[in-house]
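Student: the following block contains a protein sequence and its predicted model.
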Amino acid sequence: MVEGRALPTGWTGKLWALQSGVEAARPISPDFYLLSDADIAHPTDSLTRLVSHALETSADLVSLMARLRLVSLTNRLFLPAFVYFFAKLYPFRWSNSATHQTAAAAGGCVLLKRTALERAGGLSSISGAVIDDCSLAAAIKRSGGRTWLGLTQDVHSIRGYGSIAPVWDMVARTAYTQLGHSPLALVGTVAGLALIYVVPPIALAGAITLAALGKAPEVAAVLAIGGGAAWGLMTATFTPMLRFYRVTALLAPALPVAGALYTAFTLASAFRHWSGRGGTWRGRDLPSAPS
């Protein structure tokens, strides 16, 4: 058992807790550290499998995105959508490539080589990071290490989100940080999300309205083809994630609803930063990260 110590200036709470664990383990010079959240459940052979994968792939950091617990209908749409959007922001194939700069990890389950952490400058090099998992993966890659991130059914979260509010806080806590606190990036992201996820159903609705009124058949045809094709494509790409979470594919066409709400979450994240608040996480108000 490692007793907590007062949080130093410049450290986030989780990273300081991890630093305390690393310092406690330092006398035995372990080959690996297993970083895991308290609400993550592991199978009995989890550590063996993680180490085996690290050795087989020569990865310095191996991370599994724990399967989130679905306890409500809203969870069944918004939590698989969260993983879906994360994989679009940080494509796993790019993150796992030694030649691509993209680096990502899931903080609930990370196996990390001690020597790789030391080579990257230790946890002190990212002490103030709000998105600690991806910041750690980026530090490992910058120092010449390799990272690997994957999905899993076996390692899972025991925490239920229930309503949409905890999901809102989860995204609003970090979304604007991911954009580098850039207003220009925010505008581009919001416009992109709206174009991809909101415009297609609106276009299809417009086509149906024009057809019902018997007006502008050429415009209605263009809107129907474009909107329908885009909506069908997003539905098809979202379906595998729903299947992974063992959720009915009938929810896949509702992805625009999730897209619209995640757009709102992103805007909320920016407003929280501008107001000097970093958001609320697990009952605590967090300070805004510096620009």
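Tutor: Looks like it came in fine. Numbers count the residues shown, from 1 in each chain.
Student: got the phi/psi numbers for the residue in the chain sticking out farthest from the centre?
Tutor: Distance from the C-alpha centroid of the chain, by CA atoms, centre = their mean, peaks at G214 (45.0 Å). With angles defined as degrees, to the nearest 10, G214 sits at phi 70, psi 30.
Student: repeat for the one 3 residues further on
Tutor: Note on P217: backbone dihedrals following degrees, to the nearest 10 are phi -60, psi -30.
Student: that one against A224, yeah?
Tutor: No. Between P217 and A224 there is no contact under CB atoms under 8 Å: 10.1 Å. (Each C-beta comes from the backbone N, C-alpha and C, glycine too.)
Student: all strands of this protein, in order?
Tutor: 32-36, 40-41, 61-69, 109-113, 147-160, 277-281, 284-287 (DSSP state E).
Student: format these as JSON lines; extra columns: mean pLDDT, mean neighbour count and distance to M241.
Tutor: Compiled in JSON lines, those are given as follows (pLDDT from 0 to 100; neighbours: other CB atoms under 10 Å; distance: least, CB to CB, whole Å):
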{"stretch": "strand 32-36", "mean pLDDT": "96", "mean neighbour count": "20", "distance to M241": "23"}
{"stretch": "strand 40-41", "mean pLDDT": "96", "mean neighbour count": "18", "distance to M241": "20"}
{"stretch": "strand 61-69", "mean pLDDT": "95", "mean neighbour count": "24", "distance to M241": "11"}
{"stretch": "strand 109-113", "mean pLDDT": "97", "mean neighbour count": "25", "distance to M241": "18"}
{"stretch": "strand 147-160", "mean pLDDT": "93", "mean neighbour count": "18", "distance to M241": "9"}
{"stretch": "strand 277-281", "mean pLDDT": "52", "mean neighbour count": "19", "distance to M241": "24"}
{"stretch": "strand 284-287", "mean pLDDT": "50", "mean neighbour count": "12", "distance to M241": "28"}
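Student: quick one, which of these is nearest to S97?
Tutor: Proximity to S97, assessed across those by CB to CB, is greatest for strand 147-160 (9.4 Å).
Student: what helices or strands is the closest one leaning on?
Tutor: In this structure, strand 147-160 packs against strand 40-41, helix 46-57, strand 61-69, helix 92-95, helix 132-142, with contacts taken as 3 or more CB pairs under 8 Å, 6 or more residues apart in numbering; DSSP states H and E.
Student: which one, of those, ends up nearest to V83?
Tutor: Of all these, strand 61-69 sits nearest to V83, with 6.5 Å by CB to CB.
Student: measure P30 to S20 for me?
Tutor: 15 Å (CB to CB, to the nearest Å).
Student: of those two, who's got more company?
Tutor: More neighbours surround S20 than the other of P30 and S20, with 15 against 12 (other CB atoms under 10 Å).
Student: show me what contacts P91?
Tutor: T102 (CB atoms under 8 Å, 6 or more residues apart in numbering).
Student: before we move on, what about the one 4 residues further on?
Tutor: With contacts defined as CB under 8 Å, 6+ apart, S95 is in contact with 102-104, 137, 147-149.
Student: if we use 10 Å, what do you get?
Tutor: Going by CB atoms under 10 Å, 6 or more residues apart in numbering, S95 touches 63, 87, 101-105, 134, 137-138, 141, 147-150.
Student: and of those, the nearest to P240?
Tutor: Nearest member of these to P240, counting by CB to CB, is A87, at 10.3 Å.
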